[in-house]
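J.: Fold the following for me, if possible:
(2 chains)
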Amino acid sequence: MKLLTHIGLGIGVILLSSCEPDEKELTSENDLPFPIEIPAGFPAMEVPNDNPITRGRVALGKELFFDPILSKDRSISCGSCHQPEFSFTDQEALSLGVEDRIGERNSPQLANVAFKPLFFKDGGIPTLELQVLAPFDNHLELDLNVVDAVNRLMNDAYYTKRFQEVFDENPSAFGLTRAIAAYERTLISGNSRFDRYFYQNEDVLNDAELRGLELFRSDELKCNSCHSGVFFTNFQYENVGLELNYVDSGRARITLDPADAGKFEVPTLRNIAVTQPYMFDGRFETLEEVIDFFASGGLEHPNKSELMQPFSISEEEKADLIAFLETLTDESFLNDPSHRP
Amino acid sequence: MKKNTISLFGLFICFSLIFTGCKDDDDNETCSCTTGKVTLTIVPTINGQELEMGKVMQDNQARDYWFTTLKFYLSNLKAVADNGEVVSLADVAYFDFEPNQSTGVKNGLTVDLANGTYTAIQYDAGVRQDLNEKDPSTFANDHPLSINNNMYWSWSTQYIFTKTEGFVVDNGDNKAWFVHCGLEENYEANKTVPVSFTVTGGSTTTATITLNLDKVLEAPHTIDLVADGQSHTTDNMELASKYQENFSVAFE
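T.: Residues are numbered from 1 along each chain as shown, chains lettered A, B, ... in the order given. Model (predicted):
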């Protein structure tokens, strides 16, 4: 009788447990949230539901970001054109892709990309995850179709294991885009001397830098009309009169609106002192050249921004303005070992 | 004794539950016989023959030409019944006639449909805008919108509606021609092609539609594969628009 009772109880336990789906016994280290510290003055970070910033995704994303396995001839990686020490630019006017093919636009910096509403200089890409796909298809960049890239990862024992660890599945376009985007969201730069001055009320700017800040905000220069807010950009698209006829139509490539021809994203000025050369095609080597161009008012393209008006600026004022722009350099970000391979 | 009887009965119940409780739901339900299946097949033709990739044919300027790629999307596929009822078949379908690829030719789709006689298929040529905005990496490999189909422009985050490529012989030279057409402006909606088929409960019937590739070069716009150039859409919108409009009405 006792035996029957025990058997009955045992079966009852089996009954109650046998139909439950398998679950991970413990949350793995990979699934833990990656610690993100939002700097003072920054908005909250919006993270898509299908791509939580976990330690596993960020670590895998960083590995993929710096691995040339994702280029056609295995010669370059994302990190070739986006180098941490230059705020994830490469200091080239136009980057070299596979087989030294020359790209069409200056490599954008990746600091604070988590906060951007749109991606590419023409704003053609709405999410960071989708942005990851673009360099694969571009024959001037990685030139490796993402389907082929995934197949390459599938045939790589290490990455098959890593994707299993992080995504519980073999390498996929979904995992590839999520991992790299998760890593890129961790590239937060908000610890420049300007930040310490403005957001933490520290007396760290010298007289020349403060004079430069005043010039930056002045009614004559109006730099902060476009380079505004905590990211020093209004995330809009402007034609500044670089050309009378643009070969690269910029924003118009996406909108197909002739009124957008020659408009490009207003770039952030954070870390601007290390992201030379400047403008969409890297035509200006130095900040002096950039200021001289803006002082000229630009060429009379029909779509040129009304804000582009000539102004006069002395050599001393120019030096002050540059001194201020250099306060936007975040050395801790540029030298952060956790961003590096 | 009574207690033993109760325990044995309990054991019987438990065993019964164990051996039945985790079983998947059976799929082999008795056919209601109110629905059957229809396989909608598209057959591309050129010069009156079924398309063969790489086979030299004649274009509308009497030049030798051939296809190497023919892939496209149709959205809002619907069947029109003889009583006028319109029944949805698929939100989007993908067709690919390249034979030498891992995924194989995708020349049709099979869907459930209520019994009855049908007289036409309605469709839109292209990817419906709400689907065109989706992230292709989120779809399963066998989904029409899967990134594996290589029908996505990553630089503008939209699908290519129609991708056709090949060569045309012009003054003795083999010249590549291609039209990759996309963008909402070129979405061709509310097209209808007559095709009669009857769906019978529990069985599969076939509805075959011809895609007349000669018409794609002829009507309503005449297209010259050499003079009109090539198109990735934004770089030659005129050709892309004409091609997609012709394509959308070339089903017979």
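J.: where does the stretch 51-200 of chain B come near chain A, residue by residue?
T.: Residues of the stretch 51-200 of chain B that fall close to chain A, judged by CB under 8 Å from any CB of the partner chain: B:135-138, B:147-148, B:150, B:152-157, B:183, B:185. Using the backbone N, CA and C atoms, a C-beta is placed for each residue, glycine as well.
J.: how about the strands in chain A?
T.: Listed in chain order, the strands of chain A (DSSP state E) span residues A:237-238, A:264-265.
J.: Just flag the most distant two among the residues of the stretch 51-200 of chain B next to chain A.
T.: Maximum pairwise distance among those (CB to CB): 26.5 Å, between B:148 and B:185.
J.: Would you mind writing the PyMOL command to select the buried ones in the residues of the stretch 51-200 of chain B next to chain A?
T.: In PyMOL, the members of those classed as buried (16 or more other CB atoms under 10 Å in any protein chain shown) are selected with the following command:
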select buried, chain B and resi 135+136+137+138+147+148+150+152+153+154+155+156+157+183
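J.: how near is the residue nearest to residue B:233 when sequence neighbours are not counted to chain A?
T.: Excluding its sequence neighbours, the residue lying closest to residue B:233 (CB to CB, 6 or more residues apart in numbering or on different chains) is residue B:240, at 4.2 Å. Plainly put, residue B:240 is 11 Å away from chain A if you go by CB to the nearest CB, to the nearest Å.
J.: My reading is that residue B:240 lies in a helix. Confirm?
T.: Yes - with the criterion set as DSSP: H, G, I helix; E, B strand; the rest coil, the secondary structure at residue B:240 is a helix.
J.: how about the helices of the stretch 1-150 of chain B, start to end?
T.: If DSSP state H, counting those that start in this stretch is used as the criterion, the helices of the stretch 1-150 of chain B fall at B:2-21, B:129-132.
J.: averaging pLDDT over each of those, which comes out lowest?
T.: When the helices of the stretch 1-150 of chain B are compared on average pLDDT, helix B:2-21 comes out lowest at a mean of 47.
J.: so where's the chain shaky on pLDDT?
T.: Since you didn't name a chain, this refers to chain A. Within chain A, the stretches with pLDDT under 70 are A:1-27.
J.: should've been chain B
T.: Counting by pLDDT under 70, the low-confidence segments of chain B come to B:1-32, B:100-103.
J.: 90 - rerun?
T.: Scanning chain B for pLDDT under 90 picks out B:1-33, B:98-105, B:154-157, B:202, B:229, B:234-235.
J.: Could you point out the longest strand of it?
T.: For chain B, the longest strand by residue count, based on DSSP E, is strand B:64-81.
J.: Alpha carbons of it, in CSV - could you do that?
T.: Taking only C-alpha atoms (Å, rounded to 0.1, in the frame of the first residue of the first chain), the coordinates of strand B:64-81 have been written out as CSV:
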residue,chain,number,x,y,z
ASP,B,64,19.6,38.8,-79.5
TYR,B,65,19.1,38.9,-75.8
TRP,B,66,18.7,36.7,-72.8
PHE,B,67,17.8,36.7,-69.2
THR,B,68,20.1,35.7,-66.3
THR,B,69,17.8,36.9,-63.5
LEU,B,70,14.1,37.2,-63.0
LYS,B,71,12.8,37.8,-59.5
PHE,B,72,9.8,39.7,-58.2
TYR,B,73,7.3,40.3,-55.5
LEU,B,74,3.5,40.4,-55.8
SER,B,75,1.4,41.7,-52.9
ASN,B,76,-2.2,41.5,-51.9
LEU,B,77,-2.8,38.3,-53.9
LYS,B,78,-6.5,37.5,-54.0
ALA,B,79,-8.8,35.1,-55.8
VAL,B,80,-12.0,36.4,-57.4
ALA,B,81,-14.9,33.8,-57.2
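J.: Could I get the buried residue list for that strand?
T.: Of the residues in strand B:64-81, those with enough neighbours to count as buried (16+ other CB under 10 Å) are B:65-67, B:70-81.
J.: what's the spacing between residue A:54 and chain B?
T.: As defined by CB to the nearest CB, residue A:54 lies at a distance of 18 Å from chain B.
J.: Quick one: neighbours of that residue, just the number.
T.: Residue crowding around residue A:54 was assessed by other CB atoms under 10 Å in any protein chain shown; the count is 21.
J.: Next, count neighbours for the residue nearest to it when sequence neighbours are not counted.
T.: In this structure, residue A:54 finds its nearest non-sequential neighbour in residue A:31, 5.5 Å apart by CB to CB, 6+ apart. Residues lying near residue A:31 (other CB under 10 Å) number 15.
J.: the domain parsing of chain A - what is it?
T.: Here the domain parsing of chain A from automatic domain parsing is A:29-188, A:193-334.
J.: any idea how far residue B:113 is from residue B:86?
T.: Plainly put, residue B:86 is 12 Å away from residue B:113 if you go by CB to CB, to the nearest Å.
J.: Make sure residue B:245 is indeed in a strand.
T.: No - read with three-state DSSP, residue B:245 is helix and lies in no strand.
J.: For the closest residue to it other than its chain neighbours, list the residues it contacts.
T.: Closest residue to residue B:245 in three dimensions, ignoring its sequence neighbours and counting by CB to CB, 6+ apart: residue B:188, at 6.1 Å. The contact partners of residue B:188, taken as CB atoms under 8 Å, 6 or more residues apart in numbering or on different chains, are B:124-126, B:244-245, B:247-249.
J.: out of the residues you listed, which one sits closest to chain A?
T.: Minimum separation from chain A among these (CB to the nearest CB) is found for residue B:244, which lies at 15.0 Å.
J.: for the closest one, what are its contacts?
T.: Taking CB under 8 Å, 6+ apart as the definition of contact, the neighbours of residue B:244 are B:125-126, B:161-162, B:181, B:186, B:188.
J.: Now do the nearest residue to residue A:241 once chain neighbours are set aside against chain B, distance only.
T.: The spatially closest residue to residue A:241, leaving aside those adjacent along the chain, is residue A:298, at 2.5 Å (CB to CB, 6+ apart). For residue A:298, the distance to chain B under the criterion CB to the nearest CB works out to 26 Å.
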